[in-house]
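1. kindly generate the corresponding structure for this input.
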Amino acid sequence: ITPNYIKARVLRSTYGQYLSWTETQAMEGNIPKDHIEKHKYYNEYESLWRVKDCFSVMAKKGQEIHTGQVITLKSIRLSADQMSVATCIMVSAKDDPKVKDDGKELGRITTKFPNNDKDDLYI
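-> Numbers count the residues shown, from 1 in each chain. As a prediction, this is how the structure comes out:
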């Protein structure tokens, strides 16, 4: 690597994914109350209320990211019966996006659970 080699960059956008959060997580994450009311549903598998389309930030606008740096975010299948889960990678011009509508989709990554291991719920 030469001295002029780019070692990091400052992000011009915020990146993340949209997830279903528990109602408590949504309230603690300052998700707007009207969004919570419009997008909440009862998950019978977990026996709790969830809120769809919450923006989960992986890297914030203005954050410095180094070459080779890996950022991961752990999420969970909403039911052990799900054989696959699509993770939607999002970008937003906002510093602190809260919901799916605050950004746009860049792409999707599908995780498959071929053995249907009911103990393996994490993505």
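
2. for residue 91, which non-adjacent residue is spatially closest?
-> Nearest non-adjacent residue to residue 91, counting by Cβ to Cβ, 6 or more residues apart in numbering: residue 13, 4.9 Å away. Placement of C-beta: from N, CA and C, glycine included.

3. pretty sure residue 79 is touching residue 47, no?
-> No: look at residue 79 against residue 47 with Cβ atoms under 8 Å: they stay out of range, at 11.9 Å.

4. of the two, which one has the most company?
-> Legend: neighbour count by other Cβ atoms under 10 Å for residue 79 and residue 47, higher for residue 79 (12 against 7).

5. can you tell me how far the nearest residue to that one once chain neighbours are set aside is from residue 58?
-> Among residues not flanking residue 79 along the chain, residue 45 sits closest, at 4.3 Å (Cβ to Cβ, 6+ apart). Applying Cβ to Cβ, to the nearest Å, the value for residue 45 to residue 58 is 26 Å.

6. what does residue 99 give?
-> Distance of residue 99 to residue 58, computed by Cβ to Cβ: 16 Å.

7. can you confirm residue 26 is in a strand?
-> No: assessed by DSSP: H, G, I helix; E, B strand; the rest coil, residue 26 does not belong to a strand; its assignment is helix.

8. OK, contacts around it?
-> Residue 26 makes contact with 35-36, 40, 51, 54 under the criterion Cβ atoms under 8 Å, 6 or more residues apart in numbering.

9. more neighbours, residue 99 and residue 58?
-> Legend: neighbour count by other Cβ under 10 Å for residue 99 and residue 58, higher for residue 99 (20 against 14).

10. could you give the bridge partners of the most centrally placed residue in the chain?
-> Nearest to the mean C-alpha position of the chain, by Cα atoms, centre = their mean, lies residue 17 at 2.9 Å. Beta-bridge pairing for residue 17 (DSSP bridges): residue 56, residue 89.

11. try the one 4 residues further on
-> According to DSSP bridges, the residues that bridge with residue 21 are residue 51.

12. ok so, going back, tell me, how many neighbours does the residue nearest to residue 79 end up with?
-> That count, for residue 45 with other Cβ under 10 Å as the rule, works out to 12.

13. what about it, distance to residue 81?
-> Distance of residue 45 to residue 81, computed by Cβ to Cβ: 8 Å.
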